[in-house]
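> here is my input, please return the structure:
(2 chains)
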Amino acid sequence: MKIIRYLLVATVVLASACSSVGVKPWQRDLLAREDMQPSGSSIDAAIDDHLYFSKEASSGGRSFAGGGCGCN
Amino acid sequence: MKRRATRGGAGATQAVDSPGAPVAPRLAHSDVRLRLIAASCALLGAGGARAQSGDAVAPLTPSIATPAPSDEWQIDSALAYYHEDGRIRAIEPVVDVAKNLANGQVIGVNLTFDSLSGSSPNGALPSRKAQTFASPSGTSLTDPKKTYTTAPGQLPVDPNYSDDRLAAGASWQIPITRVTQTTLGGKLSYEHDFFSVSGNAAIAQDFNDKNTTLNFGLNEEYDSIRPIGGTPIAGSDYSLFEKNGGDKTKNGISGLLGVTQVMTRNWLSIFNLAADRFTGYLNDPYKILSIVDGAGDTSGYQYESRPDHRTRKSAYLENRVGWDRASTALSLRYMSDDWHIHSETAQLQGRLWFSDQDKYVEPTLRWYKQTAAYFYTPFIPAGEQGSTGYASSDSRLGEFHALTVGLKYGEKLAGQHPGINGEFSARIEYYQQISDGHLDAPGSLQGLDLVPKLKAVLVQIGWRF
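Below you'll find the model as predicted:
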């Protein structure tokens, strides 16, 4: 129950904080730029993720952790 | 000024300038026309800090740019060459195609082929004496056609490692309302000893004038493993070649809950919490451990044995900040699992546009550190074999840190179809992994490099059109 209470408080605080940040629609020029897209190039990220998945014990976080590869 | 479709995006704003164009100064000087175009496009668009890319394998990657409906398929392709010092080589062509549909839907298909060859560590420890091992299909240590010998002092590797992998993925983004979007995706992956199929579903909900997006997704993965030469009995004596045959399977379910927040005009923040649980056959059927006596002599080997379930949890934070001719992205990840592995990852990436603004360079620096699994051991002391429970000497489960440095160059291509953002790119990465484990080498093993560094180079060229 304590954890749920903390999560509720955190959600309310986050929602309050988020409502005071952000931009208007006409201010999204920089955010729409390619290099401002989350996670950058999807192909680069996929190749890097595959490399790290095959060499390290951790994966995912940015997206799902599954590998679909018998290499690890 | 040309329109740009960001592949796989599903957000609110319509990009109205080519990447790197000096939009901000013009806005600062009250370019009313540009403001009106941007505002109109944004109001007509579908979402703000919205989840999803067209990458079929990364369905929860958020994107904030709107795809422009186009009759053309956008094709993103790459050819990567990966080379480890003295070990594996791999060639990996990748093709990623996506189409933005008029009704706001985005479909994407991804094809990947891997061709690997070279030498793969088998898990045994170096020794002062030559060591002979059987190839995966071998059933004895005396058949010269199915054995290989490692020279004294060298890390035992299977010199005939070869594998090909073909993977295909697809994703389908479907706007439900102006502020809600779902994505369905799936992936197939085939190797001669491994087959994987996975499916995922995600939903993204915009809030706060589309500056805040909550993402939630689930992924289910099913893997089938058919080891060459049969499946060894976990923990059994390697010299007996006890294989119980048959396919092995494992299942995994992953969940991810994330929030993407537009902080300011040039600052985007992402925070994800993720968890996954895999159950089933989690061993590496080709990995063994050395049994070493007090004098440092190897008296035998046994197959590794891992638990049949694993639960991982991670937290991921990414911040992107952009300026007129540059941007940076800093991502941090913390992961822990019930195998007692804890890892921290930090990656810093920058992009600097050249003065003519159709070329850029992108340096990358990544640092990674992990602790060892509770059953990781470089070797088994003689007399303790069979009594250790789970045991693996797979260096990927050991304690180490790794560093990646990389540099990418990109150049925009002219003469593309309207709405398509063509680009040629080339990048190179250097990866180094260094063991942090403290190994008390017995007897004659002292002085040997028992856990050599892993050094690798990745070279990649990309073409988007």
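
> what ranges does chain A have for its helices?
With DSSP state H as the criterion, chain A has helices at A:2-19, A:42-55.

> and those, which one is worst for confidence?
The weakest mean pLDDT among these belongs to helix A:2-19, with a mean of 59.

> report the contact partners of the residue in the stretch 301-450 of chain B that chain A sits nearest to.
Minimum separation of the stretch 301-450 of chain B from chain A (Cβ to the nearest Cβ) falls at residue B:316, amounting to 3.6 Å. For glycine as for every other residue, the C-beta is placed from the backbone atoms N, C-alpha and C. By Cβ atoms under 8 Å, 6 or more residues apart in numbering or on different chains, the contact set of residue B:316 is A:61-62, B:258, B:270-274, B:331-333.

> can you rerun that using 7 Å?
A:61-62, B:272, B:274, B:331, B:333 (Cβ atoms under 7 Å, 6 or more residues apart in numbering or on different chains).

> what packs against the strand or helix carrying residue B:110?
Assessed by DSSP states H and E, residue B:110 sits inside strand B:106-121. Helices and strands touching strand B:106-121, by 3 or more Cβ pairs under 7 Å, 6 or more residues apart in numbering or on different chains; DSSP states H and E, are strand B:88-100, strand B:157-175.

> highest average neighbour count across these?
Of those, the one with the most neighbours on average (mean count of other Cβ atoms under 10 Å in any protein chain shown) is strand B:88-100, at a mean of 21.

> next, the angle from that one to strand B:157-175.
Strand B:88-100 runs at 10 degrees relative to strand B:157-175, counting by axes from the mean of the first three to the mean of the last three Cα atoms, to 10 degrees.

> briefly note if strand B:88-100 comes near chain A.
Yes - residues of strand B:88-100 contacting chain A under Cβ under 7 Å from any Cβ of the partner chain: B:92, B:94, B:96.

> how about the residues of the stretch 151-300 of chain B near chain A?
B:165, B:167, B:187, B:189, B:191, B:193-194, B:196, B:198, B:200, B:208-209, B:211-212, B:219, B:221, B:225, B:252, B:254, B:256, B:260-266, B:268, B:270, B:272, B:274, B:276.

> again, only this time at 8 Å
For the stretch 151-300 of chain B, the contact set with chain A under Cβ under 8 Å from any Cβ of the partner chain comprises B:163, B:165, B:167, B:187-189, B:191, B:193-194, B:196, B:198, B:200, B:207-212, B:217, B:219, B:221, B:223, B:225, B:252, B:254, B:256, B:259-266, B:268, B:270, B:272, B:274, B:276, B:284.

> correct me if wrong: residue A:45 contacts residue A:53.
No - checked against Cβ atoms under 8 Å, the pair residue A:45 and residue A:53 is beyond contact range at 11.8 Å.

> hmm, back to that, got a quick ChimeraX command for the buried subset of the contacts of residue B:316?
Applying 16 or more other Cβ atoms under 10 Å in any protein chain shown to the contacts of residue B:316, the buried members can be selected in ChimeraX as follows:
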select /A:61,62 /B:272,274,331,333
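
> mind listing the strands for the stretch 351-465 of chain B?
Assigned by DSSP state E, counting those that start in this stretch, the stretch 351-465 of chain B shows strands spanning B:359-370, B:379-381, B:400-412, B:423-435, B:454-464.

> reformat the ones you listed as CSV; add distance to chain A and mean pLDDT.
As requested, these are exported to CSV (distance: least, Cβ to the nearest Cβ, whole Å; pLDDT from 0 to 100):
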stretch, distance to chain A, mean pLDDT
strand B:359-370, 5, 97
strand B:379-381, 19, 93
strand B:400-412, 7, 97
strand B:423-435, 6, 97
strand B:454-464, 6, 97
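
> in a markdown table: the ones you listed, plus distance to residue B:291.
Shown next, in a markdown table, are these (distance: least, Cβ to Cβ, whole Å):
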| stretch | distance to residue B:291 |
| --- | --- |
| strand B:359-370 | 26 |
| strand B:379-381 | 5 |
| strand B:400-412 | 23 |
| strand B:423-435 | 21 |
| strand B:454-464 | 24 |
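
> mean neighbour count and distance to residue B:304 added to these, as JSON lines?
Shown next, in JSON lines, are the strands of the stretch 351-465 of chain B (neighbours: other Cβ atoms under 10 Å in any protein chain shown; distance: least, Cβ to Cβ, whole Å):
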{"stretch": "strand B:359-370", "mean neighbour count": "18", "distance to residue B:304": "18"}
{"stretch": "strand B:379-381", "mean neighbour count": "19", "distance to residue B:304": "10"}
{"stretch": "strand B:400-412", "mean neighbour count": "18", "distance to residue B:304": "18"}
{"stretch": "strand B:423-435", "mean neighbour count": "18", "distance to residue B:304": "18"}
{"stretch": "strand B:454-464", "mean neighbour count": "18", "distance to residue B:304": "19"}
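
> what's the pLDDT at residue B:103?
In this model, residue B:103 carries a pLDDT of 86.

> surely it forms part of a helix?
No - counting by DSSP: H, G, I helix; E, B strand; the rest coil, residue B:103 is not part of a helix but coil.

> what about it, neighbour count?
The number of residues packed around residue B:103, counting by other Cβ atoms under 10 Å in any protein chain shown, is 8.

> repeat that for residue B:450.
Neighbours of residue B:450 using other Cβ under 10 Å come to 18.

> residue B:313 now?
16.

> how about it, secondary structure?
strand.

> check contacts around it.
Here residue B:313 is in contact with B:273-275, B:335-337 (Cβ under 8 Å, 6+ apart).

> and these, which are buried?
So, of those, B:274-275, B:335-337 end up buried under the neighbour-count rule (16+ other Cβ under 10 Å).

> out of these, which is nearest to residue B:153?
residue B:337 (34.1 Å; Cβ to Cβ).

> tell me what the closest one is bridged to.
For residue B:337, the beta-bridge partners under DSSP bridges are residue B:312.

> and it, what does it touch?
So residue B:337 contacts A:57, B:310-313 (Cβ under 8 Å, 6+ apart).

> top of these by neighbour count?
Within those, neighbour counts (other Cβ under 10 Å) peak at residue A:57, which reaches 26 neighbours.

> got the contact list for it?
Neighbours of residue A:57 in contact, by Cβ under 8 Å, 6+ apart: B:337, B:339, B:341, B:343, B:370, B:373, B:396-397.

> nearest spatial neighbour of it, skipping sequence neighbours?
Among residues not flanking residue A:57 along the chain, residue B:341 sits closest, at 4.9 Å (Cβ to Cβ, 6 or more residues apart in numbering or on different chains).

> with residue B:408 instead?
Excluding the flanking residues, the one nearest residue B:408 by Cβ to Cβ, 6+ apart is residue B:427, at 3.5 Å.

> residue contacts, that neighbour?
Residue B:427 neighbours (Cβ under 8 Å, 6+ apart): A:44, B:362, B:406-409, B:458-460, B:462.

> so among the residues of the stretch 151-300 of chain B next to chain A, which ones count as buried?
Looking at these with 16+ other Cβ under 10 Å, the buried ones turn out to be B:163, B:165, B:167, B:187, B:189, B:191, B:193-194, B:196, B:198, B:200, B:207-208, B:210-212, B:217, B:219, B:221, B:223, B:225, B:252, B:254, B:256, B:259-263, B:265-266, B:268, B:270, B:272, B:274, B:276, B:284.
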